[in-house]
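[1] below is the structure, and that's it, no one-letter string:
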């Protein structure tokens, strides 16, 4: 069958065809083997029958000689041939090649030079029918002769012919049953695939929470279904992130656009001074920056699940990261009259992570502390190690948070009503991004806060692979 024709067939049809080919091949082999075994058994039975006839003839002649019978040998052989079944297939040849019995009719056309010292069997055709002839050299009254005893194979051939015809009749029937059974079996086996296909066609963007039915049998189809359900779960999560990003972006960007549009319209409604126009433009610029920052934060969260698979961690000195992050915001802290201080251990503290993301995490915590710390307040960043686990703590003397705010402070877009001492508004995404960065590094980001006393955000990194010694703090701390 052409290859393209096979590829165009359904799986059920191909399985049914495969079952039919395997069954037909097995039946043909079975028929050939059983036919051969039956033929062998029938011939063996005929040979045993001829052996018995020879033994009875020799016994008869020996008995007559022992009784002193005066009947001539030829007459004894003739009497034996008359009373014996298939006596016409009984011949004796002298050593010189002449026929002793019967003298008037030659025996079977077997090669005269064939060695018959041991019984030799051959199939010849006599009177139009197959005959099995046994040739054996014996001593008959002291003279060496060749004894030919034959047996017709008509009954054996009839048995073989009937068996062969039965096989020919049985083969198409069994082949049909095998093909039908193969198709039914393949349909039953592929039933779960049909149900999975039907369920998959019903799943769309609006119902990605639906899952494919998992078969009970622990087979390849069950593994395939589980893999597809895992893929659907990842796809659902991706679509949810995209939907959330679209909703969040549209909501907050619409707010910024509304503010910019209202500012521009008010500026065009009546003539204004240069300073008023400048103030309006500064307001527009501030809204643009706010929208840009918000979009960047939303994109970071939307791509968060892909981060772990794409970023290669490297060994970093946590002390260098803290110093770099503090120096980036020390001018901002100084402009707000906030005392920024950091404390480092005497030996390096190593962590595995992404440098830019860890700097962003520290920047988020420092920016959050500066925004919620009043003038003349203090911010302390400490690096330490507890049970060989690196720890960074950012402490401030700001307005603090009640317990209900602490439980929700890492939620997206959550902004507590903490207006006292607050100099700049946020978008509610900073700490959520910080929690994600910590989770991506296998670290724990926690907060402890007391209202009107301040807050402490702590990052506890996983234990590194290298051995670390006890770390102490240097007495001289840098003060901005």
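    Thanks, I have it. Since this is a predicted model, take the numbers as computed values, not measurements.
[2] all helices for the stretch 201-350 of the chain, in order.
    Ranges of helices within the stretch 201-350 of the chain are 220-269, 274-302, 304-310, 318-335, based on DSSP state H, counting those that start in this stretch.
[3] which parts of the stretch 51-200 of the chain are helices?
    Using DSSP H, counting those that start in this stretch, helices in the stretch 51-200 of the chain cover 73-83, 154-189, 191-201.
[4] with mean pLDDT and distance to residue 463 added, can I get those helices in TSV?
    For every residue, glycine as well, the C-beta is placed using N, CA and C. Output for the helices of the stretch 51-200 of the chain, formatted as TSV (pLDDT from 0 to 100; distance: least, C-beta to C-beta, whole Å):
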stretch	mean pLDDT	distance to residue 463
helix 73-83	80	107
helix 154-189	86	51
helix 191-201	79	44
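[5] okay if I get these as TSV plus distance to residue 353?
    Formatted as TSV, the helices of the stretch 51-200 of the chain follow (distance: least, C-beta to C-beta, whole Å):
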stretch	distance to residue 353
helix 73-83	110
helix 154-189	50
helix 191-201	40
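[6] mind putting those helices in CSV, mean neighbour count and distance to residue 145 included?
    CSV is the format used below for the helices of the stretch 51-200 of the chain (neighbours: other C-beta atoms under 10 Å; distance: least, C-beta to C-beta, whole Å):
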stretch, mean neighbour count, distance to residue 145
helix 73-83, 15, 11
helix 154-189, 14, 28
helix 191-201, 13, 77
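[7] ok so, going back, looking at the helices of the stretch 201-350 of the chain, which is buried most?
    Stretch with highest mean neighbour count among the helices of the stretch 201-350 of the chain: helix 318-335 (a mean of 17; mean count of other C-beta atoms under 10 Å).
[8] packing partners of that helix?
    Packed against helix 318-335 by the contact rule (3 or more C-beta pairs under 8 Å, 6 or more residues apart in numbering; DSSP states H and E) you find strand 339-343, helix 355-371, strand 378-386, strand 389-396.
[9] from memory residue 126 sits against residue 86, does it?
    No. In this structure residue 126 lies outside contact range of residue 86 using C-beta atoms under 8 Å: 10.5 Å.
[10] now for the two: what residues contact both?
    Here residue 126 and residue 86 share the contacting residues residue 150, scored by C-beta atoms under 8 Å, 6 or more residues apart in numbering.
[11] wait, which of the helices and strands packed on helix 318-335 is closest to residue 328?
    Taking C-beta to C-beta, helix 355-371 is the member of these nearest to residue 328, at 6.6 Å.
[12] got the angle between that closest one and strand 389-396?
    30 degrees (axes from the mean of the first three to the mean of the last three C-alpha atoms, to 10 degrees).
[13] and helix 355-371, what does it pack onto?
    Helix 355-371 packs on strand 314-317, helix 318-335, strand 378-386, strand 389-396, helix 430-440, strand 454-460, going by 3+ C-beta pairs under 8 Å, 6+ apart.
[14] okay if I get those as JSON lines plus mean pLDDT and distance to residue 193?
    As requested, these are exported to JSON lines (pLDDT from 0 to 100; distance: least, C-beta to C-beta, whole Å):
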{"stretch": "strand 314-317", "mean pLDDT": "92", "distance to residue 193": "46"}
{"stretch": "helix 318-335", "mean pLDDT": "88", "distance to residue 193": "53"}
{"stretch": "strand 378-386", "mean pLDDT": "93", "distance to residue 193": "55"}
{"stretch": "strand 389-396", "mean pLDDT": "94", "distance to residue 193": "50"}
{"stretch": "helix 430-440", "mean pLDDT": "84", "distance to residue 193": "38"}
{"stretch": "strand 454-460", "mean pLDDT": "94", "distance to residue 193": "49"}
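[15] CSV for the ones you listed, including distance to residue 201?
    CSV is the format used below for those (distance: least, C-beta to C-beta, whole Å):
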stretch, distance to residue 201
strand 314-317, 46
helix 318-335, 51
strand 378-386, 55
strand 389-396, 51
helix 430-440, 35
strand 454-460, 47
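[16] of all these, which lies closest to residue 40?
    Per C-beta to C-beta, nearest to residue 40 of those: helix 430-440, 77.5 Å.
[17] right, and the helix or strand after the closest one?
    strand 444-450 (DSSP states H and E).
[18] so what strands line up beside that following strand?
    Paired neighbours of strand 444-450 in the sheet (DSSP bridges): strand 454-460 (antiparallel).
[19] check what contacts the strand it pairs with and list those residues.
    If you take C-beta under 8 Å, 6+ apart as the criterion, strand 454-460 is touched by 361, 365, 368-369, 372-373, 377, 386, 389-401, 438, 443-449.
[20] what subset of the residues you listed is buried?
    Neighbour counting over the contacts of strand 454-460 (16 or more other C-beta atoms under 10 Å) leaves 361, 365, 368-369, 372-373, 377, 389-401, 438, 443, 445, 447, 449 as the buried ones.
[21] re earlier: mind putting the helices and strands packed on helix 318-335 into TSV with distance to residue 326?
    Below are these laid out as TSV (distance: least, C-beta to C-beta, whole Å):
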stretch	distance to residue 326
strand 339-343	5
helix 355-371	7
strand 378-386	6
strand 389-396	10
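[22] which residues touch stretch 327-340?
    Stretch 327-340 is contacted by residues 326, 363, 366-367, 370, 373, 375-379, 381, 423, 479-480 when judged by C-beta under 8 Å, 6+ apart.
[23] try it again at 6 Å.
    The contact list for stretch 327-340 (C-beta atoms under 6 Å, 6 or more residues apart in numbering) reads 366, 370, 373, 375-379, 480.
[24] returning to that earlier point: nearest to residue 102, of the helices and strands packed on helix 355-371?
    The nearest among the helices and strands packed on helix 355-371, by C-beta to C-beta, is helix 430-440 at 109.5 Å.
[25] angle of the closest one against helix 355-371?
    150 degrees.
[26] what is helix 430-440 packed up against?
    Applying 3 or more C-beta pairs under 6 Å, 6 or more residues apart in numbering; DSSP states H and E, one finds that helix 430-440 contacts helix 304-310, helix 355-371.
[27] let me see the confidence value for the nearest residue to residue 208 once chain neighbours are set aside.
    Leaving aside its chain neighbours, residue 208 sits nearest to residue 236 (3.9 Å; criterion: C-beta to C-beta, 6 or more residues apart in numbering). What the model reports for residue 236 is a pLDDT of 82.
[28] hmm, residue 236 is touching residue 206, no?
    No. Contact criterion C-beta atoms under 6 Å: residue 236 and residue 206 do not qualify, at 11.1 Å.
[29] what residues sit buried inside the longest strand along the chain?
    Looking across the chain with DSSP state E, the single longest strand is strand 129-140. Residues 131-137, 140 are the ones in strand 129-140 that count as buried (16+ other C-beta under 10 Å).
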